[in-house]
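Peer 1: Model the following, please.
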Amino acid sequence: MYGAEAVTDDSDRTAFRKAEKKYKLYYDQNPKSSKKKKEPRAVDLSEVIDFKSILDSFNRNGELPPGVSMLSCDFDQPIFSLESRPGFYFLPGAISVEEQSHWIRESLTSFPQPPNRTNHNAIYGPVCDLFPAAGEGKILVEEGCPSADRVSESNSLDNSVEGPRWKFYEESVASARANTSKSIPASLLLRKLRWSTLGLQFDWSKRNYDIYLPHSKIPQALCQLAQRMAIPAMPVGENFLPEAAIVNYFGLGDTLGGHLDDMEADWSKPIVSMSLGCKAIFLLGGKSRQVLPLAMFLRSGDVVLMAGEARECFHGVPRIFTDEENAEISPLERHLSDQNDLALLEYIRTSRININIRQVF
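Peer 2: Model prediction:
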């Protein structure tokens, strides 16, 4: 779902696809630069809904723009809904900076750890300790095919077929093996991290949950946070039961193409989606790609709930902003100022992380 989608001529002309192309990052060559430095093409953001500004305005004068409502319920956060998209809820700044920092750390250090699967499993098998390896300048090196005992050990972590094993080495050791083995820097592998899965593992090739794949439980603190955030979208008298989570990682130019999250059994239960890091544009369409989507900003700490009819709406992320002016992560920069957090800060300055939690059954 990341990057450029393969689309037909018809789908390329849909309202959703046109909106994706409108907000996607493109570059213009700068004719005034002797080095022909690429400059981001200007984009018209005047139609992008800004719930932070809406909340600020409401707090000043008590007024809301047409089509936007504020829920009145026993909840300690402001909750916006859209009259044209029943089941969609937006909670601006619902997660504190302290919580954001914690979940950024977990998303980079704990969530990609085996037996949780990532997009790297298909090529490299289970990759352990990617984030610290990147910080230490290590190189992932192909070890060759494992022995029968090693295959059994590997398959206990991952359902992949027998193949070469990979291991991190110091740069000096990896250089000595460069002529005989394939290798990739851990820092590059970190930047190529696109998703990890918690709880019940989602099988991307079959587009369903494989309950037999080994997995770690969703951390209790994340479950409790998701349950608290899900309250406004839950049927009366029912509790949200987090069973799976997908963590998406976005870098400069990355996109998440328009799609539906339709593999869960009960669509009355919300998907709880938390944004961390750089600001993004989120597109919320309708029940077909022909419906013109609404564009809105997502900032670090924002939470989106999608339940009921909103679960049938196409949605995606065509753009993240990584420049200093538009990324809007200064509160995180102040909080991640400790020496031990500098690697986290370096990553999140040009990245966005999305944690979306689901009740599968």
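Peer 1: Strands along the stretch 201-350 of the chain, start to end?
Peer 2: 201-203, 208-210, 244-250, 256-259, 271-277, 280-284, 294-298, 303-306, 315-320 (DSSP state E, counting those that start in this stretch).
Peer 1: Out of those, which is closest to V97?
Peer 2: strand 271-277 (10.5 Å; Cβ to Cβ). Placement of C-beta: from N, CA and C, glycine included.
Peer 1: Direction included, what does that closest one pair against?
Peer 2: strand 303-306 (antiparallel), strand 352-358 (antiparallel) (DSSP bridges).
Peer 1: then it to PDB, C-alphas only?
Peer 2: Output in PDB follows, covering the C-alpha atoms of strand 271-277 (Å, rounded to 0.1, in the frame of the first residue of the first chain):
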ATOM      1  CA  ILE A 271     -10.100   1.300  14.300                       C
ATOM      2  CA  VAL A 272      -8.100   3.500  16.700                       C
ATOM      3  CA  SER A 273      -5.400   5.400  14.800                       C
ATOM      4  CA  MET A 274      -2.700   7.400  16.600                       C
ATOM      5  CA  SER A 275      -0.300   9.800  14.800                       C
ATOM      6  CA  LEU A 276       3.300  10.500  15.900                       C
ATOM      7  CA  GLY A 277       5.900  12.700  14.400                       C
END
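Peer 1: contacting residues around it?
Peer 2: By Cβ atoms under 8 Å, 6 or more residues apart in numbering, the surrounding residues in contact with strand 271-277 are 95, 100, 103-104, 107, 225-226, 229-230, 240, 242, 250, 261, 264, 298-307, 311, 327, 329, 332, 348, 351-358.
Peer 1: now do 6 Å
Peer 2: By Cβ atoms under 6 Å, 6 or more residues apart in numbering, the residues outside strand 271-277 that reach it are 100, 104, 226, 229-230, 261, 298, 300, 302-304, 306, 348, 351-358.
Peer 1: for the record, mean pLDDT for that strand?
Peer 2: What strand 271-277 shows for mean pLDDT is 98.
Peer 1: list the buried ones in it?
Peer 2: Residues 271-277 are the ones in strand 271-277 that count as buried (16 or more other Cβ atoms under 10 Å).
Peer 1: farthest-separated two in those residues?
Peer 2: Pairwise distances across the buried residues of strand 271-277 (Cβ to Cβ) peak at 19.1 Å, for the pair I271 and G277.
Peer 1: Count the neighbours of the closest residue to G135 other than its chain neighbours for me.
Peer 2: Ranked by Cβ to Cβ, 6 or more residues apart in numbering and with sequence neighbours excluded, the top spatial neighbour of G135 is A343, at 4.7 Å. Per other Cβ atoms under 10 Å, the neighbour tally for A343 reads 19.
Peer 1: from now on call the first residue 42
Peer 2: Renumbered: residue one is now 42, and that last one reads A384.
Peer 1: is it true that A384 touches G178?
Peer 2: No: checked against Cβ atoms under 6 Å, the pair A384 and G178 is beyond contact range at 11.6 Å.
Peer 1: so what sits against both of these two?
Peer 2: The contact lists of A384 and G178 share no entry, where a contact means Cβ under 6 Å, 6+ apart.
Peer 1: need the strands paired with strand 312-318 in TSV with mean pLDDT, distance to A217 and mean neighbour count, can you?
Peer 2: Below are those laid out as TSV (pLDDT from 0 to 100; distance: least, Cβ to Cβ, whole Å; neighbours: other Cβ atoms under 10 Å):
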stretch	mean pLDDT	distance to A217	mean neighbour count
strand 344-347	98	49	25
strand 393-399	98	35	24
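Peer 1: so can I have a markdown table of the ones you listed showing distance to L96?
Peer 2: Below are the strands paired with strand 312-318 laid out as a markdown table (distance: least, Cβ to Cβ, whole Å):
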| stretch | distance to L96 |
| --- | --- |
| strand 344-347 | 13 |
| strand 393-399 | 21 |
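Peer 1: Could you say which one of those comes nearest to E88?
Peer 2: Between E88 and the strands paired with strand 312-318, the shortest gap by Cβ to Cβ is with strand 344-347, which sits at 18.6 Å.
Peer 1: can you map out the helices along this structure?
Peer 2: Using DSSP state H, the helices of the chain run over 56-64, 92-102, 138-150, 162-165, 171-176, 189-198, 212-217, 227-232, 261-271, 365-368, 371-376, 383-389.
Peer 1: For the residue nearest to L132 when sequence neighbours are not counted, name its beta-bridge partners.
Peer 2: Sequence neighbours aside, V344 is the residue nearest to L132 in space, at 4.1 Å (criterion: Cβ to Cβ, 6+ apart). Legend: beta-bridge partners of V344 under DSSP bridges are L132, M315.
Peer 1: isn't V344 right up against P133?
Peer 2: No: counting by Cβ under 6 Å, V344 does not reach P133; the two are 8.3 Å apart.
Peer 1: follow-up on the earlier one: closest one to Q261 among the strands of the stretch 242-391 of the chain?
Peer 2: strand 285-291 (12.8 Å).
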